[in-house]
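S.K.: have a look; sequence and predicted model below, questions after that.
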Amino acid sequence: MELICLGHFVLSHNPEVWILGELMLNCSWGGVGGDSIHRIHPALECHSLVVSLSSFLLRFNYRSTHHLTSNGFYEFLNWFDERAWYPLGRIVGGTVYPGLMVTAGLIHYVLNLLHMTVHIRDVCVFLAPIFSGLTAISTFLLTRELWNQGAGLLAACFIAIVPGYISRSVAGSFDNEGIAIFALQFTYYLWVKSVKTGSVFWTIGCCLSYFYMVSAWGGYVFIINLIPLHVFVLLLMQRYSRRVYIAYSTFYIVGLVLSMQIPFVGFQPIRTSEHMAAAGVFALLQAYAFLQYLKDRLTKQEFQTLFFLGVSLAAGVVFLTVIYLTYTGKFSLSLMRYLCPPPRYAKIHIPIIASVSEHQPTTWVSFFFDLHILVCTFPAGLWFCIKNINDERVFVALYAISAVYFAGVMVRLMLTLTPVVCMLSAIAFSSVFEHYLGDDQKKDKEGLGPNIKSIVTMLMLMLLMMFAVHCTWVTSNAYSSPSVVLASYNHDGSRNILDDFREAYYWLRQNTDEHARVMSWWDYGYQIAGMANRTTLVDNNTWNNSHIALVGKAMSSNESAAYQIMQSLDVDYVLIIFGGVIGYSGDDINKFLWMVRIAEGEHPKDIRESDYFTPQGEFRVDKAGSPTLLNCLMYKMSYYRFGEMQLDFRTPPGFDRTRNAEIGNKDIKFKHLEEAFTSEHWLVRIYKVKNEGSSRTSSFLRKARS
Amino acid sequence: MAAAARGPPLSFAMMRLSFVLLLLLLLLLVQSGGGQKKKENMLAEKVEQMMEWSSRRSVIRMNGDKFRRFVKAPPRNYSVVVMFTALQPQRQCSVCRQANEEYQVLANSWRYSSAFSNKLFFTVVDYDEGADVFQQLNMNSAPTFMHFPPKGKPRRADTFDLQRIGFASEQLAKWIADRTDVQIRVFRPPNYSGTIALALLVSLVGGLLYLRRNNLEFIYNKTGWAMAALCVVFAMTSGQMWNHIRGPPYAHKNPQNGQVSYIHGSSQAQFVAESHIILLLNAAITMGMVLLNEAATSKGDVGKRRIICLVGLGLVVFFFSFLLSIFRSKYHGYPYSFLIK
């Protein structure tokens, strides 16, 4: 809605842009309108809001927001969550970026103050679409500063519908990134504004926006490196001015102090190497300004001597300080981490990072899928910017180059590339439209003629229309399905909703002891905590690798060894996901090798990946599979009683539809476990761990006491 | 008396017999003791020989005879890791060469580590020097890594699972630690080629700047900088980083009919050739946009400008539809196309 109002505001005040805007409206308004529908598409999908809300309820963020609104801000900062990472617990207040929760809580508070009684859940669901509207506005403002109003309008339209951003801003995706992109764009807008004007007012605004960004997302490191880079390049290009000096000096000091107020960030800005560039540029800028001052006062000869002395002295001091600090371990010189592509580093060293699909490099298909025509045209915008360079266009060029590098390294960082692509692409399209649309100002002899102009305009609009259609298609197909409710389609096209997850979590909530501890793989940790309200051992915040490895070890050991681990961790229930009945491929058996790998990383003596393969090196669940696999806990829990089940007349009993194989171990019996619950389509299976010890006190507590 | 008279010769004979027996026994003892000694000698000799070889080269080259004598024959108190390979150029085994490099890194790390001892040796058997060994061990693929324990025959786990784990030295070291309890910290000699190239580049640029110090206008040449920026952008958006990390083949040749496909069929992967094609397409579309702008802004002959404009438009429209059709062929189920199916 904001965007539409904005559009009309701009249109009514600037007749020159009017025609352009009108045409844009015709071709993309459908897209923008469709966008607002599609952002809340998942929310409308299942008739009642409550159903699809579960897709975000499983998020940890919602739980903490709920905690914030019911217990107050200070209680939230001190919150120790004993329901997660049993028996370690987790200090939530000091290990999250609180921006998202505080924003939602604040909106909720204000609405309730005005006697609009909405539930915090509804605020959370619609937070992302609201913030995407704000992102569009700030993109418009930034592009207007860089180029002109027409380009700004186009950029706002682009970012409103581009799939690379919609993926993070659909209703119900209550995520840090959703609000962080707004904060990012707004900070950049204010920065450009303060470099242009050199006024402290805009710079303080920039700092406040930066503070909001720091509180919202770890990606603030991108800002605190890009802005110093901008200043540095301006110095190299001899574009130093008083405005730059005022803007950067204010920004660095105020921004530094503000960013250190976030508990999770703490003293990092003066310790870690990723913040050192900012400090270095600050020092350099002061030195440069001082030299400029001296230059006016001294003769040329004096100045040169002083210059050389000063430079060599400064270089020596900086060098020695860095060596001293690194040597004493005050800050780590972890530059290698940034230069060498992270997935390659992680692949060798940390299996848990390699196992997350978002930490992969990006193929050209993902670029095209997320950005469509923008990815081919934004280099043209970059070209125009560099050809007509000024202070703020230096900034956007640096933004584009660094963001495109990061997006190439990691799929996840496509998100930071998307806004700049929208801006530059808008610049490219806008400069074409500017020349080909509207009346000829020149004489007829020099003009290209109305025919060619209208052909060019038509084809360009056609391309933009295809972009809008693509965005609508991607949004409705790829990004707006609630992840908790699965849907399958029959032959006649009717749809079955598989609601097994919610069924199982509800069962846990209703039928188990309130303090029961549920062991599962970490993917389901937040879901269990959020929807079943039970204590989990590991969850999606994968901060403790050895704890995860212990769960992996329990899953991949045989029953008696696993029982010992589970006893020591006080496990009451084990939850697994099994897709063999309906052919769901994201189940635990398919993830199983990662569990083995992660367990092997910590316990190489007990777990060996090669034991789970056949001599030919295959991972098979049928008779030819390795005996270690056929007797490990995960296999037994997945296929317990499955051997009796005949799904189809054409296949033998115990035929796994996901892996297309008849299972190898049909005679599964448990000694220490018993089946507690299996959902309708067998998607979720829950087992109870028999409690054989007489006392309920955990061995962990006993150990702790002794 | 007769008995007494007969007695001494009998007892004498007995004595002689027992003496002979004793002598025989003694002899046997001495001889067997000698055998023990000889065996020890042989072992010591073997260890010494192996040490000498490994002091000369960290990986010992072996032919069939040496292999049988030092690796297969029983008196041993050392573990041997053997790489069976085919390094001769005519064998055209590029994997063997890569594996050999990793193996050398590992062997050198062991050879020059402080923990170096005579408990573990690294050897290599080339197919062209010991084809009989390959036959004997029933081996039909190279490279293969095997571990021969000091006692007993190698078991299944003593053959390194190359298919699954790959042949990085770190993985090999892990496997060796698993089999022999010898921990090797892999030390890769730092790769100076990057540094040298950088230094060369810097000195080249510096030299160029020095030579042209009177005319530094070209630094302010915006076209050059814009070109450089676009190069980075095109390289990234066409997935060169993916290629760098994953190392896909250049193109795929179908072994049945010999057709070469440049485009990978799945949206999850890509070939090097494919990413180059995409790079060119992206560049062409960008050029089209720039030309469209040029045509409208530049001053000059109208006819010429019209041609430029049409060329630009053609570049944009044609190559974009081409790009879209490639995308469509990779992303199954994508419904839209433009001009080209």
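M.R.: Thanks, I have it.

S.K.: can you show me the strands along the chain?
M.R.: Just going to use chain A. With DSSP state E, the ranges of strands along chain A come out as A:80-81, A:90-91, A:486-489, A:495-498, A:517-519, A:535-536, A:573-577, A:655-656, A:661-662, A:673-678, A:684-689.

S.K.: can you look at chain B instead?
M.R.: Going by DSSP E, chain B shows strands at B:59-62, B:79-85, B:120-126, B:144-148, B:252-253, B:260-261.

S.K.: now those strands as a markdown table including distance to chain A and mean pLDDT?
M.R.: Yep, even glycine has a C-beta here, placed from its N, CA and C like the rest. Listed next are these as a markdown table, based on distance: least, CB to the nearest CB, whole Å; pLDDT from 0 to 100:
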| stretch | distance to chain A | mean pLDDT |
| --- | --- | --- |
| strand B:59-62 | 23 | 84 |
| strand B:79-85 | 17 | 85 |
| strand B:120-126 | 19 | 85 |
| strand B:144-148 | 13 | 85 |
| strand B:252-253 | 16 | 84 |
| strand B:260-261 | 16 | 88 |
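
S.K.: looking at the strands of chain A, which is closest to chain B?
M.R.: When these are compared by CB to the nearest CB, strand A:486-489 sits nearest chain B, at 13.3 Å.

S.K.: thinking again about what came up before, quick one: the strands of chain B as CSV, columns for mean neighbour count too.
M.R.: Compiled in CSV, the strands of chain B are given as follows (neighbours: other CB atoms under 10 Å in any protein chain shown):
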stretch, mean neighbour count
strand B:59-62, 20
strand B:79-85, 23
strand B:120-126, 23
strand B:144-148, 19
strand B:252-253, 14
strand B:260-261, 12
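
S.K.: pipe those strands into TSV and attach distance to residue A:515 per row.
M.R.: Listed next are the strands of chain B as TSV, based on distance: least, CB to CB, whole Å:
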stretch	distance to residue A:515
strand B:59-62	60
strand B:79-85	52
strand B:120-126	53
strand B:144-148	50
strand B:252-253	56
strand B:260-261	59
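
S.K.: roughly how far apart are the most centrally placed residue in chain A and residue A:511?
M.R.: Residue closest to the mean C-alpha point of chain A, counted by CA atoms, centre = their mean, is residue A:177 at 5.2 Å. Distance, residue A:177 to residue A:511, using CB to CB, to the nearest Å: 36 Å.

S.K.: repeat for residue B:52
M.R.: Taking CB to CB, one finds residue B:52 at 73 Å from residue A:511.

S.K.: ok, back up a step: would CSV of the strands of chain A with distance to chain B, mean neighbour count and mean pLDDT be doable?
M.R.: Formatted as CSV, the strands of chain A follow (distance: least, CB to the nearest CB, whole Å; neighbours: other CB atoms under 10 Å in any protein chain shown; pLDDT from 0 to 100):
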stretch, distance to chain B, mean neighbour count, mean pLDDT
strand A:80-81, 36, 14, 84
strand A:90-91, 32, 18, 82
strand A:486-489, 13, 14, 64
strand A:495-498, 17, 12, 70
strand A:517-519, 28, 24, 91
strand A:535-536, 31, 24, 88
strand A:573-577, 23, 24, 92
strand A:655-656, 22, 22, 88
strand A:661-662, 20, 16, 86
strand A:673-678, 30, 17, 91
strand A:684-689, 28, 22, 92
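
S.K.: ok, which of those strands comes nearest residue A:558?
M.R.: strand A:673-678 (12.1 Å; CB to CB).

S.K.: can you pull the pLDDT of residue A:700?
M.R.: pLDDT, residue A:700: 50.

S.K.: same thing with residue A:181?
M.R.: pLDDT at residue A:181 comes out at 94.

S.K.: check contacts around the closest residue in space to it that isn't next to it in sequence.
M.R.: Excluding the flanking residues, the one nearest residue A:181 by CB to CB, 6 or more residues apart in numbering or on different chains is residue A:135, at 5.4 Å. Going by CB atoms under 8 Å, 6 or more residues apart in numbering or on different chains, residue A:135 touches A:159, A:165, A:169, A:181, A:182, A:185, A:419.
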